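Engineer: requesting a structural model of the entry that follows:
(2 chains)
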2 protein chains.
Amino acid sequence: MSDDYRSMWADLGLDLAAHDMLLGVLGEAYGKMYLTQANRPAGMSYFDFVMSEVHGLRIKELIDEKKAGRKIIGSYCVFVPEEIVLAANATLVGLCSGADFAMEEVERLLPRNTCALIKSAFGFKLGKVCPYLESADMIVGENTCDGKKKAYESLAQLVDNLYVMDLPQVKSDKGRDLLKAEYQRFQKAVEELTGSPITVASLQQAIRTVNAKRAAIHRLSTLRKADPAPISGMDALLVNQVFFYDNPARFTDAVNKICDELEQRMKAKSGVFPTKNPRVIVAGCPQAVPNWKLPMLVETAGAVIVGEESCVGERGTRNLTDEAGNSVDELLDNIVDRYFQIDCAIFTPNRDRLHHILEMIEKYQADGVIHYGLQFCQPYLMEALPIEKVLAEKGVPCLRIETDYSMEDIGQLKTRIEAFVEQLS
Amino acid sequence: MSDDYRSMWADLGLDLAAHDMLLGVLGEAYGKMYLTQANRPAGMSYFDFVMSEVHGLRIKELIDEKKAGRKIIGSYCVFVPEEIVLAANATLVGLCSGADFAMEEVERLLPRNTCALIKSAFGFKLGKVCPYLESADMIVGENTCDGKKKAYESLAQLVDNLYVMDLPQVKSDKGRDLLKAEYQRFQKAVEELTGSPITVASLQQAIRTVNAKRAAIHRLSTLRKADPAPISGMDALLVNQVFFYDNPARFTDAVNKICDELEQRMKAKSGVFPTKNPRVIVAGCPQAVPNWKLPMLVETAGAVIVGEESCVGERGTRNLTDEAGNSVDELLDNIVDRYFQIDCAIFTPNRDRLHHILEMIEKYQADGVIHYGLQFCQPYLMEALPIEKVLAEKGVPCLRIETDYSMEDIGQLKTRIEAFVEQLS
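Structural biologist: Below is the predicted model:
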């Protein structure tokens, strides 16, 4: 690692020794889980590079942007509209939350029975190992689940730039009104932060930029319908994860380049797994970098993941924002319409999510569904039971998994997943 | 038990054998925990009678009301305004949720890691042992915590008369608007159910009735300031529990009668515990009948509970509704103003709750606080940590308890509570 990076991390207030350890573990895990995959698309080398520089070059870019007067906004949720952030001349990045860190300190602030994702976010702060968090000029929290809602009250004591967005729980007229009011309030807060008022032109451009990123992901998803699968679920998940970190235009190009390559593979009927391989949809909680435990187990068991029904996946990316509008207010309405469709489990009822899972099974010709639930994530764990019931009625095998970020249950999970994959063969 | 009751329960569809077992256990627990207390106020005999007839005479009364054309509405939350229910010529009752029942069946519908209160509500339904639930013409759910919010989606499959009320998460203008809109929608739904439109007069009368019930509880609370404590926390909790079941006017009279008696006791400087006894506030999750585990442990350990910061306690009862208003809409605004003050942990931020706990410590001259959290109740478990921290800063001892309805941890709890009481002495 270059000396430049070390002084950059020190300037950000990171704990260098702890951070070295984190990067060591991350690099090793990536090498073992990712670089050992067979037949990877050549285009994945871009993502390998991104991952090798995820705390290096990308952070340097953000710092350079800051030096040039641009603001960095960090978020933990797909309800934070990147369109508004970009239109006000700021950059949106996802914040670290995919690994356990400083758990002893975390459990002094949060109950042990809190989901791994929330505890992880605190661990990265308390352990001083997330350069994204430390670079951010504004951190956006949001009232999604009870866990996050209450955790932000404590996070507010640890950072001085937390902004909390309220969210509706029901898709009613009042719910939409609240979302619009909150997006308007967020617009003002971001404009105030950057000093750059949003214009029709800047918002329209931002919508185009984010839509292009989503369209590239949609193109990638469509290619995953093919048999043999042209890309592993591991790699596709990584692309979905990098969606939250990378420069949008560069990311879009990289994804489209992979898609060009995958189209060639499809013509040649070549792929990463044999034809008629068991095909799986993973549904449920988001999997943030470096939380690759489940897909690694699924794909080393011989199945291929063909779609992610997740915030880091289709739940986060599936709808585009309408680009047509003659005023900021009209464009904001388009944004509200787009985000109000997100079928997060915090909504009640949330039938759209079940419909989307069924649609994905059909679209990607999946043989089964693995419902991935983080322990203590009540909304997704509670939705898992009725989803499993409906899938059973339709004859679709479903494996319901409840886990965290530790590796303690890996043996047990491996056995269950292998048995499930066997059932699909 | 009279044959009349048995045929009434059979008509309600109860499982008579299971229900007999429940009443047996309930009666035994009540006898052991309540009737063994020393120096009980004579007025508690009314509540002993109520409890002995909680599934008997009170249900018969409700059935008689139904025969006379009145409707019964059941609820699980203090956000359901009794004023609106009474004004539309219906009766509000709390639904059973204080004991484990039919847990094997429950865990087929809800994750094991769901709080005891929610699992209990399902257990009473699946086990067919709650005559209140089976008598109800409408069951009101509400979007408070994630657990309840999602559980109502499953409860809707088990009952055909579930009405779900949306609730805000933030005390903003938008939050108040939502509460008002939801109370207006509830008013219409209740009016439609009963066929009795709410009038200024009926609503004003209903507000008076509910306020009288609350005022009686306030009077009782005030008397608990005395040293020696004139009534046990066990008995005061029971009064707060019966608040949800009994006929409002009769309840008000019974509580006031006890207060008359307690005033005599105070003049005579007599009480249920010695003077200078350690005094405790219990704060946190609601304790529904027959969940008397914690107060029983606290008071047999030699402390007296002088206040409940709980939905079954001051959180539920502490504010009155303004009776002044010339239209249904004005009175409805008063109702919204009153309920919007409830400092439920679903709100963020929820600083009022901490202030209320501090106020109660002062008012009731408490020596310490026991924070009662139901396992997997994220909102209260998460609030417990910052509350404990503030209390520590102020030198107020705080014991943070996390438990469920089982008796498995009773030995461990007893040891911890005894050590805590020792510390207060």
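
Engineer: how many neighbours does the residue nearest to A:G368 when sequence neighbours are not counted have?
Structural biologist: Closest residue to A:G368 apart from its sequence neighbours, by Cβ to Cβ, 6 or more residues apart in numbering or on different chains: A:P397 at 4.0 Å. Every residue, glycine included, has its C-beta placed from N, CA and C. Here the number of neighbours of A:P397 (other Cβ atoms under 10 Å in any protein chain shown) works out to 18.

Engineer: for A:P397, list the residues it contacts.
Structural biologist: A:367-369, A:391, A:420, A:423-424 (Cβ atoms under 8 Å, 6 or more residues apart in numbering or on different chains).

Engineer: okay, and which of those residues map to helices?
Structural biologist: A:391, A:420, A:423-424 (DSSP state H).

Engineer: buried ones among the residues you listed?
Structural biologist: Buried members of the ones in helices among the contacts of A:P397, scored by 16 or more other Cβ atoms under 10 Å in any protein chain shown, are A:391, A:420, A:424.

Engineer: identify, from the residues you listed, the entry nearest to chain B.
Structural biologist: Nearest to chain B among these, counting by Cβ to the nearest Cβ, is A:L391 at 15.3 Å.

Engineer: okay, now the closest residue to the closest one other than its chain neighbours: neighbour count?
Structural biologist: By the measure of Cβ to Cβ, 6+ apart, the closest residue to A:L391 outside its immediate chain neighbours is A:C398, 4.3 Å from it. Counted with other Cβ under 10 Å, residues neighbouring A:C398 total 20.

Engineer: quick check: beta-bridge partners of A:C398?
Structural biologist: For A:C398, the beta-bridge partners are A:V369 (DSSP bridges).

Engineer: do you know how far it is from A:G284?
Structural biologist: 11 Å (Cβ to Cβ, to the nearest Å).

Engineer: need the pLDDT of the residue nearest to A:G271 when sequence neighbours are not counted.
Structural biologist: In this structure, A:G271 finds its nearest non-sequential neighbour in A:P228, 2.8 Å apart by Cβ to Cβ, 6+ apart. The model reports A:P228 with a pLDDT of 97.

Engineer: overlap in contacts of A:C398 and A:G284?
Structural biologist: A:H371.

Engineer: name the element A:I281 belongs to?
Structural biologist: Using DSSP states H and E, A:I281 maps to strand A:279-284.

Engineer: can you pull the contacts of the nearest residue in space to A:R40 that is not next to it in sequence?
Structural biologist: Closest residue in space to A:R40, ignoring its immediate chain neighbours: A:D235 at 6.3 Å, by Cβ to Cβ, 6+ apart. By Cβ under 8 Å, 6+ apart, A:D235 lies in contact with A:34, A:37, A:40-41, A:44, A:47, A:272.

Engineer: burial measure for the residue of the stretch 201-350 of chain A found nearest chain B, as a count.
Structural biologist: Going by Cβ to the nearest Cβ, chain B is nearest to A:T348 of the stretch 201-350 of chain A, at 5.0 Å. For A:T348, the count of nearby residues is 22 (other Cβ under 10 Å).

Engineer: hmm, back to that, and the residue nearest to A:G368, how far is that from chain B?
Structural biologist: 18 Å (Cβ to the nearest Cβ, to the nearest Å).

Engineer: likewise for A:D352?
Structural biologist: For A:D352, the distance to chain B - Cβ to the nearest Cβ - is 13 Å.

Engineer: and A:L12, how many neighbours?
Structural biologist: 19.

Engineer: and the pLDDT for it?
Structural biologist: The predicted local confidence for A:L12 is 98.

Engineer: need the nearest residue in space to it, chain neighbours excluded.
Structural biologist: In this structure, A:L12 finds its nearest non-sequential neighbour in A:E134, 4.0 Å apart by Cβ to Cβ, 6+ apart.

Engineer: what's the answer for A:G316, then?
Structural biologist: Nearest to A:G316 is A:V78, by Cβ to Cβ, 6+ apart, at 4.1 Å.

Engineer: which ones are touching the one you found?
Structural biologist: So A:V78 contacts A:311, A:315-316, A:342, A:344 (Cβ under 8 Å, 6+ apart).

Engineer: quick check: the farthest pair among those?
Structural biologist: Farthest-apart pair in those is A:G316 and A:C344; separation 9.7 Å (Cβ to Cβ).

Engineer: wait, A:C398 sits on A:K389?
Structural biologist: No: using Cβ atoms under 8 Å, A:C398 is not in contact with A:K389; the gap is 9.0 Å.

Engineer: sorry, back to before: could you export the contacts of A:V78 as TSV, including distance to A:L374, pLDDT and secondary structure?
Structural biologist: Formatted as TSV, the contacts of A:V78 follow (distance: Cβ to Cβ, whole Å; pLDDT from 0 to 100; DSSP: H, G, I helix; E, B strand; the rest coil):
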residue	distance to A:L374	pLDDT	secondary structure
A:C311	12	98	coil
A:R315	15	98	helix
A:G316	16	98	helix
A:I342	18	98	coil
A:C344	14	98	coil
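
Engineer: which residues touch the most centrally placed residue in chain A?
Structural biologist: Closest residue to the average C-alpha location of chain A: A:V312 at 3.0 Å, with Cα atoms, centre = their mean. Counting by Cβ under 8 Å, 6+ apart, A:V312 touches A:237, A:240-241, A:243-244, A:286-288.

Engineer: spatially nearest residue to it (excluding sequence neighbours)?
Structural biologist: In space, A:V312 is closest to A:P286, 4.5 Å off (Cβ to Cβ, 6+ apart).

Engineer: equivalent analysis for A:V164, please.
Structural biologist: A:G141 (4.5 Å).

Engineer: and the one you found, which of the three is it?
Structural biologist: Assigned state for A:G141: strand (three-state reduction, DSSP: H, G, I helix; E, B strand; the rest coil).

Engineer: now swap in A:V306 and tell me
Structural biologist: Assignment for A:V306 (three-state DSSP): strand.

Engineer: residues contacting it?
Structural biologist: A:224-225, A:229, A:233, A:279-281, A:364-366.

Engineer: quick check, A:P278 in contact with A:L424.
Structural biologist: Yes: applying Cβ under 8 Å as the test, A:P278 and A:L424 come out as touching, 3.8 Å apart.

Engineer: any shared contact partners between these two?
Structural biologist: Joint contacts of A:P278 and A:L424 (Cβ under 8 Å, 6+ apart) are A:303, A:367-368.

Engineer: mind putting those in JSON lines, pLDDT and neighbour count included?
Structural biologist: As requested, the shared contacts of A:P278 and A:L424 are arranged in JSON lines below (pLDDT from 0 to 100; neighbours: other Cβ atoms under 10 Å in any protein chain shown):
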{"residue": "A:A303", "pLDDT": "98", "neighbour count": "28"}
{"residue": "A:D367", "pLDDT": "98", "neighbour count": "21"}
{"residue": "A:G368", "pLDDT": "98", "neighbour count": "19"}
